[in-house]
Every structure is written in C-alpha cells, then in structure tokens.
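**Student:** Need coordinates for the following:
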Amino acid sequence: MMRLRWILFIAGLLLVASAIAGVAQPRFGHSATTAPTAKTITVSGDGSVTTVPDRATFSFSIETRAKTASTALTQNSNDATAMIAALKAVGVSSANLQTSQVSLMPQSSQDGTTIVGYVASNSVTVRTPLAGAGKVVDAAVGAGANGVSGPSLDVADQDALYRDALHKAVDDAKLKAQSLADAAGLSLGGALTVSEGGSASPLPISDKMSAAGTPIEAGTQEIQASVTVTYAAS
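**Tutor:** Below is the predicted model of the structure:
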C-alpha cells in the first residue's frame, strides 16, 4: 500500500513539472506569424518624339564583265576608283565612304560546261546629309555605278531624341501607376525598379525635303521608347 502511494506521488510530481515546462516555453504551443507582403504597382510607359530625318545611307555598286578574270577585275577596279573620286568631289568624306564588298565570279555557258567570262563587282556604302543626297546619287551613277540601293534614313541626334522619349515614357508610367493607386485606394510611393526598351521606327511620309538632282523624300521618323516601372504602394 505504501509503495502504491509513492508511485502516485511521483507521477503527480511529473505531471506538475510538465505543466510548468509548458508555461515557461509557450512558443512550442503557438504557430509562427509572417510579415505582411509589401504592396507594389508595376506598369509600362511609352513615349515618342517625331522628327524629320537629316541623313541618308546608300549602297552603290559597279559590275564589270570580261572574258578573263584579270581583265574583269582590272576594269572594275578602274571603274570603282572613278566612282569613289566622283563621290568625294561632291563632298562625301572618307569617314562616310566605305567599301562593303568586292567579288569576282565566273560565268558559265547555258549547259554549264564551259566558263565563258567573269563578272567583277565593287560596292561602297555612303552616308550623306539628306540635303545633298540627290547630288551624291547622280555623281555615283554618272561615274559608272550600275547598282543603287537605299536610302536608309536616320537623324544625327538620335541619341538625344531617344533620351527625350525615355523621359516621356517614365512620365506616362507614373500617370498610369497613379491612376491604378487611386482606383485601388492606395497611396503611390517611389519607384523601386525601372527597365527600358525602345527603337527608332519610320512613319508614313508626311514631310518632304527637296534635294538637287535625284529627288529624295525625307518623310518623318518616330523615336520610340518604352519602360517598365515598379512603384511602392501603401
């Protein structure tokens, strides 16, 4: 009987000790809480600047045919030299004149069994102010160019115009973010992240620039920029 009382007494002590341990370490009896997720608003913005191109890039080529490879290449070299001299005579600088291709190809008979001659060609790429583009085309063709491609139009201050378009894109993004914040009953904070993208793309012709000689239509060009901005919100 005495032994049973000791056993019950010891069991009671163990239960009390367990209860005290649970009170002393309450973290084991409660789940952990997480911090609330920060609110953000992410929008895209677009901006553009319309301008009139002031530069043109052309490719001019001379093709020469002869019975032998050496004759074709020699004659073609002479013709290309004359074309380059004519281009420089109308104001094209060496910095804006670049050889883009030199080639020599055999020409076969109709049945493909005999070489009947050779074709040599020389191509140059020229960048010129648009106001003088017509004279440049006429000079190249007058000096013997029998291939003309272009123009590719652009503007000299494209980088500055692109930066202006970026400013407009950021302003557009902020207006959109503010509208979303107002609609959601939030307060718009500062920008957290900004990423960009954009390019210059031609628009349909709406303006003209007269050029002496071969007529060149300038049209307009739109410098476009886009951004994606994430704002804090509360």
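**Student:** mean confidence score for the lengthiest helix in the chain?
**Tutor:** Longest helix in the chain by number of residues, with DSSP state H as the criterion: helix 158-184. Confidence for helix 158-184, expressed as mean pLDDT, is 93.
**Student:** what does stretch 224-234 give?
**Tutor:** The model assigns stretch 224-234 a mean pLDDT of 93.
**Student:** list the buried ones in that stretch?
**Tutor:** By neighbour count, with 16 or more other Cβ atoms under 10 Å as the criterion, the buried positions of stretch 224-234 are 224-227, 229-231, 233. The way it works is simple: take the backbone N, C-alpha and C, and place the C-beta from them, glycine included.
**Student:** so what does the longest helix of the chain touch, helix or strand wise?
**Tutor:** With contacts defined as 3 or more Cβ pairs under 8 Å, 6 or more residues apart in numbering; DSSP states H and E, the packing partners of helix 158-184 are strand 39-51, strand 188-202, strand 221-233.
**Student:** Same list (the ones you listed) but as a markdown table, adding distance to residue 58.
**Tutor:** Formatted as a markdown table, the helices and strands packed on helix 158-184 follow (distance: least, Cβ to Cβ, whole Å):
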| stretch | distance to residue 58 |
| --- | --- |
| strand 39-51 | 21 |
| strand 188-202 | 16 |
| strand 221-233 | 17 |
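**Student:** For stretch 164-172, give me every contacting residue.
**Tutor:** Residues from elsewhere that reach stretch 164-172 (Cβ atoms under 8 Å, 6 or more residues apart in numbering): 45-49, 194, 196, 198, 223-227, 229.
**Student:** okay, that stretch in CSV with CA atoms only?
**Tutor:** These are the backbone C-alpha positions of stretch 164-172, laid out as CSV (Å, rounded to 0.1, in the frame of the first residue of the first chain):
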residue,chain,number,x,y,z
ASP,A,164,13.6,62.7,-74.6
ALA,A,165,11.4,59.8,-75.5
LEU,A,166,12.5,58.0,-72.4
HIS,A,167,11.5,60.9,-70.2
LYS,A,168,8.1,60.9,-71.7
ALA,A,169,7.8,57.1,-71.2
VAL,A,170,8.6,57.5,-67.5
ASP,A,171,6.0,60.3,-67.1
ASP,A,172,3.5,58.0,-68.9
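**Student:** per-residue confidence for residue 28?
**Tutor:** pLDDT, residue 28: 45.
**Student:** so which strand or helix has residue 73?
**Tutor:** For residue 73, the enclosing helix or strand under DSSP states H and E is helix 69-89.
**Student:** in that helix, what's buried?
**Tutor:** Of the residues in helix 69-89, those buried under the neighbour-count criterion (16+ other Cβ under 10 Å) are 69, 72-73, 76, 79-80, 83-84, 86-87.
**Student:** per-residue confidence at the residue lying closest to residue 64 once chain neighbours are set aside?
**Tutor:** Beyond its immediate neighbours in the sequence, the residue positioned closest to residue 64 (Cβ to Cβ, 6 or more residues apart in numbering) is residue 76, lying 3.8 Å away. The predicted local distance difference test score for residue 76 is 95.
**Student:** Good, we can wrap up now.
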